[in-house]
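*Asks:* Fold the stuff below for me.
(chains A and B)
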Protein chains: 2
Amino acid sequence: MITDDAKQRIIQAVDARFDEQLAATAALVGTPSRREHEEPAQDLIESRLQDLGLRVDRWAIDSDGLKAHPGYGPSTVDYTGMTNLVGTHHPSRDNGRSLILNGHIDVVPQGPEDKWSRSPWDAEVCEGWMYGRGAGDMKAGLIANLFAFEAVRRAGYDLTGRVHLQSVVEEECTGNGSLAALLRGYSADAVIISEPEEDALVRANVGVLWFTVRVSGNPTHPREMASGFNAIDAAFDVMQALRSLEQTWNDRKGEHPYFEDLDHPINVNFGEIRGGDWPSSVPAWCELQVRVATYPGTNADEAWTEIEECVTDAGARRSADGGSPSRPTFDTVLTPNGFYADGYVLEPGSDAEELLERTHHDAFGAELTSFTTPGYLDGRVFVNYGGIPTLVYGPVSEDIHGFDERVSIESVRKCTKSMALFIAEWCGIDEG
Amino acid sequence: MITDDAKQRIIQAVDARFDEQLAATAALVGTPSRREHEEPAQDLIESRLQDLGLRVDRWAIDSDGLKAHPGYGPSTVDYTGMTNLVGTHHPSRDNGRSLILNGHIDVVPQGPEDKWSRSPWDAEVCEGWMYGRGAGDMKAGLIANLFAFEAVRRAGYDLTGRVHLQSVVEEECTGNGSLAALLRGYSADAVIISEPEEDALVRANVGVLWFTVRVSGNPTHPREMASGFNAIDAAFDVMQALRSLEQTWNDRKGEHPYFEDLDHPINVNFGEIRGGDWPSSVPAWCELQVRVATYPGTNADEAWTEIEECVTDAGARRSADGGSPSRPTFDTVLTPNGFYADGYVLEPGSDAEELLERTHHDAFGAELTSFTTPGYLDGRVFVNYGGIPTLVYGPVSEDIHGFDERVSIESVRKCTKSMALFIAEWCGIDEG
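*Replies:* Predicted coordinates for the structure are as follows:
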C-alpha cells in the first residue's frame, strides 16, 4: 500500500502535465492512422517512448507462428511494413509485479467528412470534449498510458516492477497486433487496456468474426430479367438470413452469464457492400462484408459452422421458393477476412481488479462499476492465450466509429490518475 | 420494285463476302469498346467507311444543345474525347429515298471473366455462334450494316438514294450518341437499327431511366448498433419500395397497347451497389444504381415524380415504423445519371415496314413478326424526335449483357441479306 502522501504527489503530477497530455493526444489525433497507414503515428509514439528512457522494441508483425495461432484473424493486407511498438521499463530494483499498458494505434475510417461538424483530424476541443477520429478509440487512452507511467516518476518515485508500454496495430480488424506482442514474449502479472469504456471495467465481451459473403448471380439484359438472377437481390436474402441468426443467438442470451441483462448483446453488422458493374445488366456478383459477434464459450470455429449453414440455407431456400426474379442457382462463397476471435470473461476476484477498485475510488470518488460490452477487445488475447488478468478500463467517449467521435477531457484526466495510482501500487515504488 | 435477278445478285454478293464480314465482326469484338474507351473500335469503323468511299464525319458528341434537349440523358462522363461516326453516300443520281443505317459501338462491361466459358474478346466461333462481349449487342449488326450496303454495289448497282451509315456511342447508358447524330442534322426517310432482335421487328419499346439513390445512415460502433442507422439496411428498404412500384406498374400493363400480353414488361434492375467503409462500423452511406422502365406515353418527368415519391415514402415509412436498427433519420438523395428516355411505338403501316416484310420473306422464307421489347433502344430518338419510321431489326442472340454472349451466324447472314435487299429497293438502284 502506498501512502496517502504518495497518492497526492502522483495525482498532482498528472494534473501538472495534463495540458501537455492533451497536446500529445491532439498531435496523435492529427496524425491519421487508418489500417496500413499507422507508421507516422507510431513514429510519434516511438519518440515519446525514447523520451521516457525506455528500451524500445519496434517490429513488423508478420512474425512466424502468427498465422498458426488459433487466435489469428485472417488478414487481407501485407504486414511487412506494419509495426508494433513496445517500450519497456526494467526497474533497477525488480521486486514488484509486472504490468502491460496496452493500447492500439489504428483507427477506423472517418466516413464522409462532410457529415462531421468538425474536421476528424483537428482534435478540436469544445465544451469539455476533444473531437476527432480516434480521439476516443483510443488515442486518448494510449497517450494516457504514457502519462500515467510518467506521472509516477515525476512525482519522484522509481517503479520496482517491470512495465511494458504497448502501442499495437490491427485492433480494429483482426486483433493480430496484440497477439503478435504476446507471441513475441511480452507477458506480465496484469494488463490494462485503456479503451473508451465509460470510466468502467469490462467484465466480459463478445467474440467477433469478420467475413465476406460473395454471391454470384446470373447476369442478363434487363429485358429478359426473369431468366437472370440478381446477385444484389440475393445478397439481401443472405442479409435477412443472418438477421434471423442474430435473433436466434440473442434469444439465447439467458444461457450466457454477464449477457442475460443486455438488450441485444449479439449484433450483426453489414459494414460494406459492393456489387454489379452496370445499371442495365442484371448484376453478376455482390460482396457483403459482415461482422458478427459471439458469446464467450462459443469458439470461432463453432460460430463459423453455424454461419456457413445459415448462408448456404438462404441460397437453397430461395432456389426452392422459386421467387421472381430467380432461378435455381444461388452460389455463395464465405471467406473469413479479419477477426476470428473468441470472447472472454474477466473472472471476478483478481488482485488487479481489487486494486483498480481502490485507485478508481481515489481518482473518481465513486465506486468502480463493471459491465459487458458487445464489441471486440484485445483483452481476449491476454485473457484467453496469456492467462493474464486484463483490465479494459478507460474514458467516457461518444460516437466512436461514427461522426464527431469525441472523448471527455475530465474523464481522461481522472482515468489517468486512476491508472497512475494503479501502476505505482501494482509495481511498487521507491523514493527516487 | 427491283427484279428477281437483282435480288439474286445482291443475295449472292452477301454470300460472297460473308467470310470477310465475319472476320470484320470478329476484329470489332476483339477491340473492346466499353464506355469512354470506344475510340479504337471507332477507328476500325472509320477505316471501313473510308474504304467504302463514303464522306466521313467524326465528331465529339459534346455538342451545343445536347443538354437542353428533352431526350438528353444526364451523363456522368466527359464527352470531349468520345466520337460518333457517320459515313454518307451521296448518290450521283439522287432520286430515291434516303436511309439511315444505325448501330452503336459501345458495349457493356463483361463482368467477372472467370464466369465466361470463352474469352469475351476472342470472338470464338463454335457450333454456329460467335461468342464475345458485344458480338450480339451489337457489333454483328453494326458490321452487317456496312456489308449490306456494300453488297448492293458488289452486285453491280449504284444506289440512287442518300445513305448514312452511323456508328454511335452512348447507347448503353444515355442514348445521347444517336441524339447527337440527329441534332447534327442527320435525317432520312427511314432508319434501320440492326440490334439483336431475334430476326424480328420491334413494334414498341419501353422508356428507361437511370438514377442513383444515395442513402445516408448514422454510423456507430456495432457495440451500440441500435443507436445507429445502417445505410445498407436502408437501401434494402428502398429496393423493396421500388419492387413494389414495379409491381404497380406491371399491373397497369392492360392500359398500354402492345404491352398487355407481356408477362412482366416493366423491369426494375438494381445494377450496382456500393456502401460502407469498414465491417465494424455501422455504414454511413449506401449508393444504389437503378434502372427502371416505363411505358410509351409516360414521359420521363412523370415517371421521375412517381419514383421520387416512392423512395421518399420508403424513408418516411421506416422512420414511422421504428424498426430495429433504425432511428428517425432516413436521408435519400435521388440523382438521374443516365437514360432519361421515353419509350416509343412504331406505328404499323409505314412503307418502310411494308418493304421490310417483303425483304425479310425473301431472305428467310418466312413471315416477319413484330414484338414489344422491354429494353431501351435508340429507336426512340428517331421516332420521338425525328418523326422517322424506324425499323429495329436484327439477328438472333443469346445472353447479351451476360456471360457467353453470342450471336447466331446464319441469322446474321440472313439479316444482312434482308437489309441489303431493303437498301436496294428503298433507295433505288441503277445498273453500275
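
*Asks:* neighbours of the nearest residue to residue A:235 once chain neighbours are set aside, just the number please.
*Replies:* Spatial nearest neighbour of residue A:235, chain neighbours left out: residue A:286 (4.0 Å); criterion: C-beta to C-beta, 6 or more residues apart in numbering or on different chains. No exception for glycine: its C-beta is placed from N, CA and C like everyone else's. Counted by other C-beta atoms under 10 Å in any protein chain shown, the residues lying close to residue A:286 total 25.

*Asks:* surely residue A:286 meets residue A:229?
*Replies:* No. Between residue A:286 and residue A:229 no contact is recorded; they are 11.0 Å apart, counting by C-beta atoms under 8 Å.

*Asks:* Residue A:79 contacts residue A:60, correct?
*Replies:* Yes. Applying C-beta under 8 Å, one finds residue A:79 in contact with residue A:60, separated by 6.0 Å.

*Asks:* which one of those two has more residues nearby?
*Replies:* Counted by other C-beta under 10 Å, residue A:79 and residue A:60 do not tie: residue A:79 has more neighbours, with 20 against 14.

*Asks:* A helix includes the more buried one, no?
*Replies:* No. Residue A:79 is assigned coil when assessed by DSSP: H, G, I helix; E, B strand; the rest coil, not a helix.

*Asks:* So for the residue lying closest to residue A:357 once chain neighbours are set aside, what's the pLDDT?
*Replies:* With sequence-adjacent residues excluded and distances taken as C-beta to C-beta, 6+ apart, residue A:357 is closest to residue A:368, at 4.7 Å. At residue A:368, the model reports a pLDDT of 98.

*Asks:* Just the element for residue A:368, please.
*Replies:* Per DSSP states H and E: residue A:368 is located in neither a helix nor a strand.

*Asks:* rewinding a little: joint contacts of residue A:286 and residue A:229?
*Replies:* Common contacts of residue A:286 and residue A:229 (C-beta atoms under 8 Å, 6 or more residues apart in numbering or on different chains): residue A:217.

*Asks:* so how far is the helix or strand bottoming out on mean pLDDT in chain A from its chain's centroid?
*Replies:* Ranked by mean pLDDT, DSSP states H and E, the weakest helix or strand in chain A is helix A:300-321, scoring a mean of 83. The chain centre lies 28 Å from the centre of helix A:300-321; the measure is C-alpha atoms, centre = their mean, to the nearest Å.

*Asks:* Just the mean pLDDT for the helix or strand that comes right after it, thanks.
*Replies:* Using DSSP H and E, the next helix or strand after helix A:300-321 towards the C-terminus is strand A:331-341. Averaged across strand A:331-341, the pLDDT comes to 94.

*Asks:* swap in stretch A:258-268?
*Replies:* For stretch A:258-268, the per-residue pLDDT averages 95.

*Asks:* near chain B, anything from that stretch?
*Replies:* Yes. Applying C-beta under 8 Å from any C-beta of the partner chain, one finds stretch A:258-268 touching chain B at A:263-264, A:267.

*Asks:* Report the buried members of these.
*Replies:* Buried by 16 or more other C-beta atoms under 10 Å in any protein chain shown: A:264, A:267, out of these.

*Asks:* closest to residue A:42 among the residues of stretch A:258-268 next to chain B?
*Replies:* residue A:267 (30.3 Å; C-beta to C-beta).

*Asks:* Surely the closest one is in contact with residue A:374?
*Replies:* Yes. At 5.7 Å, residue A:267 and residue A:374 qualify as touching, with contact defined as C-beta under 8 Å.

*Asks:* Between those two, which contacts overlap?
*Replies:* What both residue A:267 and residue A:374 touch, as defined by C-beta under 8 Å, 6+ apart, is the set A:293, B:222-223.

*Asks:* among these, who's most crowded?
*Replies:* Going by other C-beta under 10 Å, residue A:293 tops those with 29 neighbours.

*Asks:* Contact partners for it?
*Replies:* A:206-208, A:265-268, A:343, A:374-376, B:222.

*Asks:* picking up where we left off before, could you pull up the residues touching the residue nearest to residue A:357?
*Replies:* A:200-201, A:356-357, A:360-361.

*Asks:* was I right about residue A:424 contacting residue A:1?
*Replies:* No. Using C-beta under 8 Å, residue A:424 makes no contact with residue A:1, being 10.5 Å away.

*Asks:* ok, these two, which is more surrounded?
*Replies:* The neighbour count for residue A:424 versus residue A:1, taken as other C-beta under 10 Å, is higher for residue A:424 (27 against 8).

*Asks:* Name the nearest residue to that one, sequence neighbours excluded.
*Replies:* residue A:152 (4.9 Å).

*Asks:* Which strand or helix spans the one you found?
*Replies:* helix A:140-154.

*Asks:* Show me which positions of that helix end up buried.
*Replies:* Buried residues in helix A:140-154 (16+ other C-beta under 10 Å): A:140-154.

*Asks:* Taking the stretch 301-432 of chain A, what residue is nearest to chain B?
*Replies:* residue A:375 (3.3 Å; C-beta to the nearest C-beta).

*Asks:* mind listing what that residue touches?
*Replies:* A:205-206, A:208, A:293, B:221-223.

*Asks:* ditto for residue A:43
*Replies:* Counting by C-beta under 8 Å, 6+ apart, residue A:43 makes contact with nothing.

*Asks:* Same question for residue A:26.
*Replies:* A:123, A:125, A:130, A:132 are the contacts of residue A:26 under C-beta under 8 Å, 6+ apart.

*Asks:* Please repeat the previous calculation with a cut-off of 10 Å.
*Replies:* Going by C-beta atoms under 10 Å, 6 or more residues apart in numbering or on different chains, residue A:26 touches A:122-125, A:130, A:132, A:135, A:139-140, A:143.

*Asks:* And residue A:128, by the same measure?
*Replies:* A:396, A:406-411 are the contacts of residue A:128 under C-beta under 10 Å, 6+ apart.

*Asks:* could you redo the last one with a cut-off of 6 Å?
*Replies:* Applying C-beta atoms under 6 Å, 6 or more residues apart in numbering or on different chains to residue A:128 gives the contacts residue A:409.

*Asks:* likewise residue A:156?
*Replies:* Here residue A:156 is in contact with residue A:432 (C-beta under 6 Å, 6+ apart).

*Asks:* and if you look at residue A:84?
*Replies:* Counting by C-beta under 6 Å, 6+ apart, residue A:84 has contacts A:61, A:168, A:177, A:180-181.

*Asks:* related to what we said a few turns ago, out of the contacts of residue A:368, which end up buried?
*Replies:* Counted by 16+ other C-beta under 10 Å, the contacts of residue A:368 give A:200-201, A:356, A:360 as buried.

*Asks:* about what we covered before: relative to chain B, which of the contacts of residue A:26 is nearest.
*Replies:* Once C-beta to the nearest C-beta is applied, the member of those that ends up nearest chain B is residue A:135, at 13.6 Å.

*Asks:* Please report how far that closest one lies from residue A:119.
*Replies:* 12 Å (C-beta to C-beta, to the nearest Å).
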